[in-house]
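**Student:** Using only what follows, build the 3D model:
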Amino acid sequence: MENELALKKEGIQVCYNAPQSFILEACNILKSYFTVKAVDNVSFTLNRGEIFGLVGPNGAGKTTLLKILATLLNPDDGSAMIDGIPLYDRRSVRKIIGYTPDVLGVYDELLVCEYLEFFVRAYGMEKELYRYLIEETMEIVGITELADKPVDGLSRGMKQRLALARALLHRPRLLLLDEPASGLDPLARLELREILKSLRRRGVTILISSHVLSDLSDICDRIGIMQKGKLVCVDKTENLLSRDEFIKVRLRVNDRGEEAISLLKSMAEVSNTMWDGPDIVFEFREERARLAELTRNLVMSEIPVLTVVIEDKTLEHAYLDITSKRSEHNE
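**Tutor:** Numbering: from 1, shown residues only. Purely as a prediction, here's the structure:
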C-alpha cells in the first residue's frame, strides 16, 4: 500500500480505472518520403483498455505510424491526442506511453536487473520505488528468475519479454508494440499473447502491429488493416471473422474425385470448387445443417466420402478479401 501511495504521489496510474473514453484520437496523419506516402491521411481512435491490431504487409506504413504515435517521427500533416495530450507535447506524451520497436535494442553487456534499473533511472522515478517497479514488472512479464542473468544469454523470446518490461516500468496507459512476435517460436508467441491479455485486464490499452494475423485474432478487440499507407478498414474482430456469406468446406474422398468435383459444381449452393492437395475445397452458401444433405447426396451417388470438415474462419480470409477487392477497385 505504501508503494502504491508513493506511485500515485509520483503521478503514476496504478489501477488504470480511468473513465471510458478514447485514449487516442488520430486525425489525418500524413507522412511522406519523397513521392511515397508512407502514412496517407490515417484517422482512427482507441478505446481505453482495448487491444487494437494493426495489420498489413511489410511496407504498408505500420512502423511509420507507430513511430509517429511514439513521438519519434514528426508527421508532415495531421494531429493526434493521447489521453488528451497533443502529440507535439513529447515530454508529456512519453510519460504515459510505452513503446517497443521491431528491433529490440537490448544491452547485452548488462544483467537483466541492471538493464531494468538503467531504464527506471532514465524514466526519472524516485529511488525508493526502483526495487518495487522492477520486481513487479519482471513478475508481470514472467522473467523474475532471470534477474541476475546476463542479457546476452537470453533467448529471443526472453529478450522480447525484457523489452516489454522496459516499456512497462513507468506504468504507461498506452502500449505501442511493433511486430512483438517477430522471430518467436510458436510457444513464445502463445506466451506473449497471454501476457498481453493480462495487461488488458490491468486496463492497459495496447496498439500492436503485425503481419502475422493468426497472432491477433484471439486477443484483439478491433483490427485495422493498412494497405499502401492507408487505413482501409477498421472493425471489430468478431465482425471480420463473420463477414463471409459462406462456409469453407474441406472434403476428402477415397476415389472418384473428379466425379465428386463435377457433382459439387452442379449444385447451386456450392462455389469455387477446387483441389487443394488430397482434398477438395469449396464454399457452401447455405446453413451448416444443410451440409449433411450435401454429404448424403455424394454418398448416394456412390462417392466414397472419407471426411467432411468445416474450416474455421480466419483473419487471413477477411484480410485477403478486403485488400483484393480494394486493389480491384483501384485498377
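
**Student:** When you work out contacts or count neighbours from here on, use the C-alpha atoms and nothing else.
**Tutor:** Fine.

**Student:** At the geometric centre of this protein, which residue do we find?
**Tutor:** Against the mean C-alpha coordinate of the chain, by CA atoms, centre = their mean, the closest residue is residue 53 at 3.7 Å.

**Student:** I'd say that residue and residue 209 touch.
**Tutor:** Yes - in terms of CA atoms under 8 Å, residue 53 counts as a neighbour of residue 209; the distance is 5.8 Å.

**Student:** Helices along this structure, start to end?
**Tutor:** Under the criterion DSSP state H, the chain carries helices at the ranges 2-9, 62-69, 90-94, 112-122, 130-141, 156-168, 186-201, 237-241, 257-265, 291-300, 315-330.

**Student:** how about JSON lines for the ones you listed, with distance to residue 106 added?
**Tutor:** Shown next, in JSON lines, are the helices of the chain (distance: least, CA to CA, whole Å):
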{"stretch": "helix 2-9", "distance to residue 106": "26"}
{"stretch": "helix 62-69", "distance to residue 106": "18"}
{"stretch": "helix 90-94", "distance to residue 106": "19"}
{"stretch": "helix 112-122", "distance to residue 106": "8"}
{"stretch": "helix 130-141", "distance to residue 106": "15"}
{"stretch": "helix 156-168", "distance to residue 106": "7"}
{"stretch": "helix 186-201", "distance to residue 106": "18"}
{"stretch": "helix 237-241", "distance to residue 106": "33"}
{"stretch": "helix 257-265", "distance to residue 106": "55"}
{"stretch": "helix 291-300", "distance to residue 106": "53"}
{"stretch": "helix 315-330", "distance to residue 106": "32"}
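
**Student:** Compare those helices and give me the one nearest residue 42.
**Tutor:** Comparing the helices of the chain against residue 42 with CA to CA, the closest turns out to be helix 62-69 (8.6 Å).

**Student:** Take that closest one, keep the C-alpha atoms, and write them as PDB.
**Tutor:** Output in PDB follows, covering the C-alpha atoms of helix 62-69 (Å, rounded to 0.1, in the frame of the first residue of the first chain):
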ATOM      1  CA  LYS A  62       2.600   0.300 -39.800                       C
ATOM      2  CA  THR A  63       6.000   1.100 -38.300                       C
ATOM      3  CA  THR A  64       6.000   4.700 -39.600                       C
ATOM      4  CA  LEU A  65       2.600   5.200 -37.900                       C
ATOM      5  CA  LEU A  66       3.700   3.700 -34.600                       C
ATOM      6  CA  LYS A  67       6.900   5.900 -34.600                       C
ATOM      7  CA  ILE A  68       4.800   9.000 -35.100                       C
ATOM      8  CA  LEU A  69       2.500   8.000 -32.200                       C
END
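
**Student:** What helices and strands are in contact with it?
**Tutor:** Applying 3 or more CA pairs under 8 Å, 6 or more residues apart in numbering; DSSP states H and E, we find helix 62-69 packed against strand 36-47, strand 174-178.

**Student:** Between strand 174-178 and that helix, find me the angle.
**Tutor:** Angle between the axes of helix 62-69 and strand 174-178 is 150 degrees (criterion: axes from the mean of the first three to the mean of the last three CA atoms, to 10 degrees).

**Student:** need the contact list for residue 77.
**Tutor:** Remark: with contacts taken as CA atoms under 8 Å, 6 or more residues apart in numbering, residue 77 is in contact with 28-31.

**Student:** Could I get the pLDDT score of it?
**Tutor:** At residue 77, the model reports a pLDDT of 96.

**Student:** on that earlier part again, pipe the helices of the chain into CSV and attach mean neighbour count and distance to residue 222 per row.
**Tutor:** As requested, these are arranged in CSV below (neighbours: other CA atoms under 10 Å; distance: least, CA to CA, whole Å):
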stretch, mean neighbour count, distance to residue 222
helix 2-9, 13, 31
helix 62-69, 22, 16
helix 90-94, 16, 23
helix 112-122, 19, 31
helix 130-141, 19, 23
helix 156-168, 23, 22
helix 186-201, 16, 13
helix 237-241, 18, 5
helix 257-265, 16, 36
helix 291-300, 14, 31
helix 315-330, 13, 11
